[in-house]
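Student: return a 3D structure for these sequence lines:
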Amino acid sequence: MDVMPLLSLVAGSAAVAAAGRRVPVPVPLLLVAVGLAVSYVPGVPDYTLDPHIVLPLLLPPLLYTAATDSSYLDLRAQVRPVALLSVGYVLFATFVVGCAAYLIVPGLPLTAALVLGAVVAPPDAVAATAVARRVGLPSRITTILQGESLVNDATAITAFRVALAAAVGEGATWAGGILEFVVAAIGGVGVGLVLMAPLHWLRTHLREALLQNTLSLLIPFFAYAVAEQVHASGVLAVVVVALFLGHRAWEVDFATRLQEEAVWKMVAFVLESAVFALIGLQLPVVLKGLGEHEGAEAAWYAVALFLVVAVARFVWVYPATYLPRLSARVRAREGDLSWTGPFIIGWAGMRGVVSLAIAFSIPLTVHDGDPFPERNLILFLTFTTVIGTLVVQGVTLPPLIRLLKFPTRDVQTETLAEANAQAQASRAAERRLDELLADERNALPGPLAERLRTVLERRRNAVWERLGQVNPVTGESVDDTYRRLSREMISAERDVFVRLRDGRYIDDEMLRTLLRRLDLEEAAAYREAT
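Tutor: The predicted structure is shown next:
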């Protein structure tokens, strides 16, 4: 087995993604563009998306990391718009895009057109999360987009299976399709509910952070595989488990949380980078099979379908947003609503690798052995729709938000809320410390007891200092200066330890012990601004 193409893909996409953080172009778009360019470099192999790899091996970890970073409470508060988009919109888009494709492409059977509709219906979880992070959307909009993209794959995959069964002549009916969807959804949620408590118990009872993080890496694949084994939705099983574990992450020890955050950031970075690069690398594979359709004719189909996909989302989003508000109860709960919020949600419907993976799973032949009608054209239209949404919507979304003067995160308000929370926690910690020191079993020398109080006071004051004045010379807050000086002191200690190791006064094992101690102190003294 030649592993060089895989290593080249991972290394190259990671390098492009790292470089993309220093340029104004959105990283997903840059990766797609580089993938398109590299696909025509002589000697580059064809990277064909295998749905048997993408769906069970790439989708679960991407869904898991997105769901654990989401808020269960926020999603519960936005359950109505999330459900309307992740279920209602996907089914609506499947029907509208399928009927449009049937009318636009001569000779395309309606069943095959509906297969295409199901393929391009779901916006992508990775693309939505990446855009939301980059442009700093308000929490409500971000929650709706993330919630939609977490669940809509399950709807699309079920709709695809029903449409495909009809297209290949297996006698599927819409009533049977609805029943299949309900069973898959209930089954997926049920599997997630059954697995989440035992998996959480196991995480909290493993005593080593290394074992806990190994379990964390296995959980999304395990949940997905169990659900698929019983013909339920693996997507929903992963999402339910991840939301529960993310909501209860505070019950896991600190070493596990520190390692888990670093591990999953790395996994998400590598997979997201490779996924977007893979999208661009599909162009030669798709064009190679386009066959009898001329370039201009195929381009017309692609543009028309992209416009249908873009317009259909707005046709669904605005009624789905405003019709429920005819209820006085809904208006009182949600308050005033500007037209810009639904507009941004409507424009943020980027498609991604899941659509391509589903498209590549379309069989070559139908039930009677004839070729699947217009399979290569469906692959091409899926590819152009994915590229079109990433390029057009992905590039224009950030400036569109600025043009509409869309409110972004209020850093001052968030910092004030953080400071108030820290103040309450510090008062509780002070009371607990006083209780403990009053017991003679917990007697400490005065300097050590004072050190505990000093550390607590420092933690309480640090957030308030971010709201205060900055140094007129350096532009730093007091908190920034404290962290910088602390790091300089730790760096000086680290240099001494290395010099002692090089002089053979201490060995490498002792050096690692001393450096880890300094690393933990540096992590406590310095916190990356988010």
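Student: so what's residue 68 closest to, chain neighbours aside?
Tutor: In this structure, residue 68 finds its nearest non-sequential neighbour in residue 246, 3.7 Å apart by Cβ to Cβ, 6 or more residues apart in numbering. Every C-beta, even on glycine, is put in place using the N, C-alpha and C of the backbone.
Student: oh, I was asking about residue 500
Tutor: Spatial nearest neighbour of residue 500, chain neighbours left out: residue 506 (5.0 Å); criterion: Cβ to Cβ, 6+ apart.
Student: what is the least confident helix or strand in this protein?
Tutor: Within the chain, no helix or strand scores below helix 125-135, which has a mean of 64 by mean pLDDT, DSSP states H and E.
Student: report the next helix or strand after that helix in sequence order.
Tutor: Counting by DSSP states H and E, the element after helix 125-135 in chain order, helix or strand, is helix 139-167.
Student: low pLDDT regions in the stretch 101-250 of the chain?
Tutor: Judged against pLDDT under 70, the low-scoring parts of the stretch 101-250 of the chain cover residues 125-136, 170-175.
Student: quick check: phi and psi at residue 50.
Tutor: Taking degrees, to the nearest 10, you get phi -100, psi 110 for the backbone angles of residue 50.
Student: can you give me the pLDDT of the closest residue to it other than its chain neighbours?
Tutor: Using Cβ to Cβ, 6+ apart and skipping the chain neighbours, the partner closest in space to residue 50 is residue 360 (7.1 Å). The predicted structure scores residue 360 at 87 on the pLDDT scale.
Student: how many other residues sit next to residue 360?
Tutor: For residue 360, the tally of surrounding residues (other Cβ atoms under 10 Å) stands at 20.
Student: likewise for residue 107?
Tutor: Other residues near residue 107 come to 9 when the count uses other Cβ under 10 Å.
Student: looking at this, it is in a helix?
Tutor: No: when classified by DSSP: H, G, I helix; E, B strand; the rest coil, residue 107 is found to be coil rather than part of a helix.
Student: list the contacts for it?
Tutor: Contact criterion Cβ atoms under 8 Å, 6 or more residues apart in numbering gives 373-374 as the residues in contact with residue 107.
Student: swap in residue 274?
Tutor: For residue 274, the contacting residues are 9-10, 13, by Cβ under 8 Å, 6+ apart.
Student: residue 270 now?
Tutor: By Cβ under 8 Å, 6+ apart, residue 270 lies in contact with 10, 13-14.
Student: of the residues you listed, buried ones?
Tutor: Of the members of these, the ones counted as buried by neighbours, 16 or more other Cβ atoms under 10 Å, are 13-14.
Student: export the contacts of residue 270 as JSON lines, with columns for pLDDT and secondary structure.
Tutor: JSON lines is the format used below for these (pLDDT from 0 to 100; DSSP: H, G, I helix; E, B strand; the rest coil):
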{"residue": "10", "pLDDT": "88", "secondary structure": "helix"}
{"residue": "13", "pLDDT": "91", "secondary structure": "helix"}
{"residue": "14", "pLDDT": "90", "secondary structure": "helix"}
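Student: closest one to residue 286 out of the contacts of residue 270, please.
Tutor: Within the contacts of residue 270, distances to residue 286 taken as Cβ to Cβ reach their minimum at residue 13, with 19.1 Å.
Student: is the closest one in contact with residue 276, as I believe?
Tutor: Yes: under the criterion of Cβ atoms under 8 Å, residue 13 lies in contact with residue 276, with a separation of 7.3 Å.
Student: joint contacts of the two?
Tutor: By the contact definition Cβ under 8 Å, 6+ apart, residue 13 and residue 276 are jointly contacted by 31, 35.
Student: would you mind writing the CA trace of stretch 433-443 as CSV?
Tutor: What follows is stretch 433-443, C-alpha atoms only, in CSV (Å, rounded to 0.1, in the frame of the first residue of the first chain):
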residue,chain,number,x,y,z
LEU,A,433,-10.3,28.2,52.5
ASP,A,434,-11.2,29.8,55.8
GLU,A,435,-13.2,26.7,56.7
LEU,A,436,-10.3,24.4,55.9
LEU,A,437,-7.7,26.5,57.7
ALA,A,438,-9.9,26.6,60.8
ASP,A,439,-9.4,22.8,61.2
GLU,A,440,-6.1,22.1,62.9
ARG,A,441,-5.6,19.1,60.6
ASN,A,442,-5.1,21.6,57.7
ALA,A,443,-2.7,23.8,59.6
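Student: who touches that stretch?
Tutor: Applying Cβ under 8 Å, 6+ apart, the contact partners of stretch 433-443 are 444, 449, 452-453, 456.
Student: show me those that map onto helices.
Tutor: Using DSSP state H, 449, 452-453, 456 are the members of the contacts of stretch 433-443 that sit in helices.
Student: biggest separation within those, which pair?
Tutor: Based on Cβ to Cβ, the longest span within these runs between 449 and 456 and measures 11.2 Å.
Student: out of the ones in helices among the contacts of stretch 433-443, who's nearest residue 102?
Tutor: Comparing the ones in helices among the contacts of stretch 433-443 against residue 102 with Cβ to Cβ picks out residue 456 as the nearest, at 67.5 Å.
Student: check contacts around that closest one.
Tutor: When contacts are counted by Cβ under 8 Å, 6+ apart, residue 456 is found next to 426, 429-430, 433.
Student: could you do residue 185 as well?
Tutor: With Cβ under 8 Å, 6+ apart as the criterion, the residues that contact residue 185 are 154, 158, 233, 236.
Student: burial of the residue lying closest to the third one once chain neighbours are set aside, as a residue count?
Tutor: Looking back up the chat, that one is residue 233. Counting by Cβ to Cβ, 6+ apart, residue 233 lies nearest to residue 188, which is 3.0 Å off, once chain neighbours are set aside. Applying the criterion other Cβ under 10 Å, we find 28 residues in the vicinity of residue 188.
Student: tell me how far residue 188 lies from residue 201.
Tutor: Counting by Cβ to Cβ, to the nearest Å, the gap between residue 188 and residue 201 amounts to 21 Å.
Student: then residue 345?
Tutor: Remark: distance between residue 345 and residue 201 (Cβ to Cβ) = 38 Å.
Student: give me the more crowded residue out of these two.
Tutor: When neighbours are counted by other Cβ under 10 Å, residue 345 and residue 201 differ, and residue 345 comes out ahead with 23 against 11.
Student: so that one is in contact with residue 142, correct?
Tutor: No: Residue 345 is not in contact with residue 142 according to Cβ under 8 Å; the separation is 10.4 Å.
Student: what helix or strand is the residue positioned nearest the centre of the chain located in?
Tutor: For the chain, residue 66 is the residue whose C-alpha lies nearest the centre (Cα atoms, centre = their mean; 3.6 Å). Under the criterion DSSP H and E, the helix or strand holding residue 66 is helix 59-68.
Student: what helices or strands is that helix leaning on?
Tutor: If contacts are counted by 3 or more Cβ pairs under 8 Å, 6 or more residues apart in numbering; DSSP states H and E, helix 59-68 sits against helix 125-135, helix 139-167, helix 209-229, helix 234-247, helix 254-281.
Student: now these in JSON lines, with distance to residue 196?
Tutor: JSON lines is the format used below for the helices and strands packed on helix 59-68 (distance: least, Cβ to Cβ, whole Å):
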{"stretch": "helix 125-135", "distance to residue 196": "20"}
{"stretch": "helix 139-167", "distance to residue 196": "15"}
{"stretch": "helix 209-229", "distance to residue 196": "9"}
{"stretch": "helix 234-247", "distance to residue 196": "4"}
{"stretch": "helix 254-281", "distance to residue 196": "16"}
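Student: many thanks, have a good one.
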